[in-house]
Structure formats: structure tokens, C-alpha cells
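Enquirer: What follows is a predicted protein model with its sequence.
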Amino acid sequence: MELKNLRTLQAVVDQGSYQRAAERLGYTQSTITVQIQQLEEELGVPLFERVGRRMALTEAGERILPRARELLAAADRLLECGKGGQVPSGTLRVDLAETLLCYRMQPVIRAFRERAPQVRLVIRDCNCMRIPQGVRDGSCDLGVGYDMDWNRESLEVESLGSYDIVLLASPDFPEPDFTTPGQRKAVSLVTDEPDSIFRRRLEDYLRRREIELDVTLELWSIETIKRCVMSNLGFTYLPRFVAEEELADGRLVELEAPISGVPAPALCAWRKGRWVTPAMELFLELLRKELT
């Protein structure tokens, strides 16, 4: 069985299509097709089926992918040993929560690039619910986000401290009371996707307090959310470090409420039992230095 065919399988899954996998690996699309067909013939099962414009794994493909990733990781480990073993090289894939990526990770990424220039670093902005799944299935090597009951049975999990999550609004926000129960408030929550840890926590609090809102503005960019709130289009609930400058110069204010200032633990995870490569170890070292 050719390792290159397993790497092609991995690339098609990670990139979502034969075309993008070909671009990633430097092959033609026809080469990708041939390599997947060779692998399917060797294994005796179809690995992909087309769902709309995306190539999705079959049930057999889902079973095979984790084992293929394990074989590729073992092969990469052998290559590392042949090169001296302690010099970071190869590819490091890290999934990160957006707020940490945008506001806390620049020193880590900069230092990593300086100390490991030969490593291809792949960073993805990812929802905290999906980060542990990516770690488990091998689509990323490290996952960094906020704790959403990550299953420790299959993950090695390390704490990176915690951050206060606060209610933020414009100084002109008309209804700052989020303490009194039983309110109907003619204001908007400006927030991100439904699976956001911050949105889930806040909406649960509002339900328990029986506080109803007129509108929810669902946006998918923390900077866009922040700018809308500064323009007095609503309020939001985000880590305090996201708005340090705006709080300092008065463009935003922190609203007082029992939920404002409650910390959220930040975690780093990798798959239990896997080899921690030199590149992973270096990234973990820099995370500990910067975030804890």
C-alpha cells in the first residue's frame, strides 16, 4: 500500500474536494482520482461519495480514515528519527477558537515561525465544539479553545488558564439592566453562531432570568460584532481581552450583571496515545509561556 495514496486520502478529506487536494499536493486532479481509485481497489471498498459539490467519506471511509492517519503519523515519526528526531519539521496543524486566534496567538505564532522555520504551520479558525472532534479524527494535531465538556477519555487536555467573559455595550446603550428577572427588552443581542460557548452561556442565563430580547443579530466575525456593538446596534458577551482598547478609551462599557465577569477555561488538546512531535512540543511550550 502506497503512503502517497494515504496522503491523498487525507488531503481530499481535509480540503473537501479532489481539486483542492490536487492544488494542496501539487498534483493534477486526474492523479488524485487515480490514487483514490488505487486505494479503493486495494481496500475493496468505496471511500468517497459526492454530496452536492463536496466529496464525503462513505461509512467505510469513516472507519478507514483514522487508521490511515495513524499510519501517516507513524511514517512521519520515522522520518523525524532519520533526521535527528529533535529538530521540528514537517507540518503542524492547529485548530483555534477565533477570539484566541485574533487577540492572543500572534506572539505564539511569531515565535514558532522564528524557531521552526522549516515547519509548515496550518492554522484554522474553528468552533470550540468541533475542535475536539478534529483532534480525535486527526484533521488537526493540536486544538486550542474553551472548555465545552471536552471528552477526556480520548484526549490529552492541558489547562491554559481562564478568561473573564463580560457583557459589552456602547456607553449609549438604552437598557443596561440584565439583573432584574422577567424583562422584555427592546434591544438586540449581537453574537456569532449558535454553537458558540459564549452565546450558549448567555442564552441559558437569559432563559433562567426570563429576560426576552427583540432581536438576535447573528454574525460570524468577532470584529464585526464588536463594531456593531460600538455603533449601539445591540450588546454582546465576549472575553474582556477582546475589547481592552475599547473599554480603556470609552467606546465600550462593561455592563454589570451576575453573568458578566464569569471565567471560561482555555484548554489545549491532542489525541491520547499519539506521538508528540518536536513541532507540537515547541508549540505547546510557547502556548504555556504566553497564555498561562
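Expert: Looks like it came in fine. Everything numeric in this text was worked out from a predicted model, so none of it was measured.
Enquirer: Point to the residue nearest the middle of this protein.
Expert: The centre of the chain sits closest to residue 126, judged by Cα atoms, centre = their mean, with a distance of 2.6 Å.
Enquirer: for it, what are its contacts?
Expert: 95, 96, 97, 134, 140, 143, 145 (Cβ atoms under 8 Å, 6 or more residues apart in numbering). The way it works is simple: take the backbone N, C-alpha and C, and place the C-beta from them, glycine included.
Enquirer: Please, where are all the strands along this structure?
Expert: Remark: strands assigned in the chain by DSSP state E are 48-51, 54-57, 91-96, 120-125, 142-146, 155-169, 184-191, 212-218, 236-239, 253-254, 262-271.
Enquirer: Who are the packing partners of the last one?
Expert: Spelled out, that is strand 262-271. helix 131-137, strand 142-146, strand 155-169, helix 197-209, helix 278-291 (3 or more Cβ pairs under 8 Å, 6 or more residues apart in numbering; DSSP states H and E).
Enquirer: likewise the third one?
Expert: Other elements packing on strand 91-96 under the criterion 3+ Cβ pairs under 8 Å, 6+ apart are strand 120-125, helix 131-137, strand 142-146, helix 278-291.
Enquirer: repeat that for 10 Å
Expert: helix 98-103, helix 106-115, strand 120-125, helix 131-137, strand 142-146, strand 262-271, helix 278-291 (3 or more Cβ pairs under 10 Å, 6 or more residues apart in numbering; DSSP states H and E).
Enquirer: do you know how far the residue nearest to the centre of the chain is from residue 200?
Expert: 16 Å (Cβ to Cβ, to the nearest Å).
Enquirer: same thing with residue 189?
Expert: 12 Å.
Enquirer: Among those two, which residue is more densely surrounded?
Expert: Neighbours were counted for residue 189 and for residue 200 using other Cβ atoms under 10 Å; residue 189 has more, 21 against 15.
Enquirer: ok, now which ones touch the residue lying closest to that one once chain neighbours are set aside?
Expert: The shortest distance from residue 189 to any non-neighbouring residue, by Cβ to Cβ, 6 or more residues apart in numbering, is to residue 216 (4.8 Å). Residue 216 is in contact with 188, 189, 190, 191, 194, 199, 203, 234, counting by Cβ atoms under 10 Å, 6 or more residues apart in numbering.
Enquirer: Take these and write them to JSON lines, including distance to residue 36 and pLDDT.
Expert: Putting those into JSON lines (distance: Cβ to Cβ, whole Å; pLDDT from 0 to 100) gives the following:
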{"residue": "188", "distance to residue 36": "47", "pLDDT": "96"}
{"residue": "189", "distance to residue 36": "45", "pLDDT": "97"}
{"residue": "190", "distance to residue 36": "44", "pLDDT": "97"}
{"residue": "191", "distance to residue 36": "40", "pLDDT": "95"}
{"residue": "194", "distance to residue 36": "34", "pLDDT": "87"}
{"residue": "199", "distance to residue 36": "39", "pLDDT": "94"}
{"residue": "203", "distance to residue 36": "43", "pLDDT": "96"}
{"residue": "234", "distance to residue 36": "47", "pLDDT": "97"}
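Enquirer: From residue 223, how far out is residue 92?
Expert: Taking Cβ to Cβ, one finds residue 92 at 26 Å from residue 223.
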